[in-house]
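Enquirer: below: sequence and its predicted model.
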Amino acid sequence: MATAAAEGLRERKKRRTREAIAGAAMRLFRQRGFDAVTVEEVADAADVSKKTVFNYFPSKEDLVLRAGDARLATLIEGIRDRPPGASIVTPFRALTGEWLDRIEHEPAETVLAVPRLVMDSETLRNRLFLGWEQEAATLTPVLAQAVGEPAEAVGPAVAARSLAWAHRVVVRTSFARLLDGEEPRAVAADLRDEARRAYDLLEGGLGGYGAR
């Protein structure tokens, strides 16, 4: 019991340190732009060493784009744990629905903080584009296993990219509309309907693919 409690305390401390570093970084990035801020300045603002920053965030870009890893892990879990009868489209529908819930309920400035940084930084844009391909490469063998095909088969690779981009297009469209000043609830409502139709199109082609 003592060991478990100690481990819990360590994990909480790590989480607080991670959050402090990420919060300090975002404050600096929003004030001055991603490219103008150094990792040393982030470390100073968070009252940690530069080495500690890199212990939690392997690269400077991860300070901004860190949420992608958790989102991908959740998506993979959803693919593997989908209920009987559910196609591989189902977890992607859920992911998009969760995103639109954020659009509806979170302040627009919070939702737009990362896109604004990415728009102003070629470094972040390049990392994001690379991350999209890495995401597809990670999803492909997961989908292959889910449908009982070889990891090198073309079908899972096509499905991974099609479904990932369906979600991505909804996200990017929501950013564009929010940046244009549209009301978040209206954006979320419109895109829920559009996302449903888009996934229905994919369901027609992929719905039987991997259904249990």
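Expert: Received it, and whenever you're ready, just let me know what you need.

Enquirer: in the strand or helix carrying Glu11, what's buried?
Expert: Per DSSP states H and E, Glu11 falls inside helix 2-32. Going by neighbour count (16 or more other C-beta atoms under 10 Å), the buried part of helix 2-32 is 17-18, 21-22, 24-26, 28-29. Just so you know, the C-beta spots here come from the backbone N, C-alpha and C atoms, and that holds for glycine as well.

Enquirer: which SSE is the nearest residue to Gly131 once chain neighbours are set aside in?
Expert: Spatial nearest neighbour of Gly131, excluding adjacent residues (C-beta to C-beta, 6 or more residues apart in numbering): Gly68 at 5.9 Å. Under the criterion of DSSP H and E, Gly68 resides in helix 67-80.

Enquirer: contacts for that helix, please.
Expert: Contact with helix 67-80 is made by 88, 90-92, 94-95, 114, 131, 135, 138-139, 142-143, 146, as judged by C-beta atoms under 8 Å, 6 or more residues apart in numbering.

Enquirer: greatest separation within these: which pair is it?
Expert: Greatest spatial distance in those: Val114 and Ala146, 29.7 Å, computed using C-beta to C-beta.

Enquirer: residue ranges with poor pLDDT in the chain?
Expert: 1-7, 206-212 (pLDDT under 70).

Enquirer: mind doing that once more with 50?
Expert: Across the chain, the ranges flagged by pLDDT under 50 are 1-4.

Enquirer: let me see the domain layout of this protein.
Expert: By the assignment in automatic domain parsing, the chain contains the domains 2-63, 66-206.

Enquirer: is it true that Val147 touches Gly155?
Expert: Yes - with contact defined as C-beta atoms under 8 Å, Val147 counts as touching Gly155 (7.5 Å).

Enquirer: what's the distance between Val37 and Ile21?
Expert: Distance from Val37 to Ile21, counting by C-beta to C-beta, to the nearest Å: 13 Å.

Enquirer: Ala176 in helix, strand or coil?
Expert: Secondary structure, DSSP: H, G, I helix; E, B strand; the rest coil: Ala176 is helix.

Enquirer: and the helix holding Glu11, what does it pack against?
Expert: Secondary structure elements in contact with helix 2-32, counted by 3 or more C-beta pairs under 8 Å, 6 or more residues apart in numbering; DSSP states H and E, are helix 39-46, helix 50-56, helix 62-65, helix 108-119.

Enquirer: what packs against whichever strand or helix holds Arg125?
Expert: Arg125 belongs to helix 122-147 when assigned by DSSP H and E. Applying 3+ C-beta pairs under 8 Å, 6+ apart, we find helix 122-147 packed against helix 62-65, helix 67-80, helix 108-119, helix 154-179.

Enquirer: could you find the closest non-adjacent residue to Leu63?
Expert: Closest residue to Leu63 apart from its sequence neighbours, by C-beta to C-beta, 6+ apart: Ala25 at 4.2 Å.

Enquirer: ok, that neighbour to Phe175 distance?
Expert: 21 Å.

Enquirer: same check on Val111?
Expert: 8 Å.

Enquirer: how close does Leu191 sit to Arg32?
Expert: 32 Å.

Enquirer: do the same with Arg168
Expert: 28 Å.

Enquirer: now Arg116
Expert: On the measure of C-beta to C-beta, Arg116 and Arg32 end up 13 Å apart.

Enquirer: what of Leu117?
Expert: Separation of Leu117 from Arg32 (C-beta to C-beta) stands at 11 Å.
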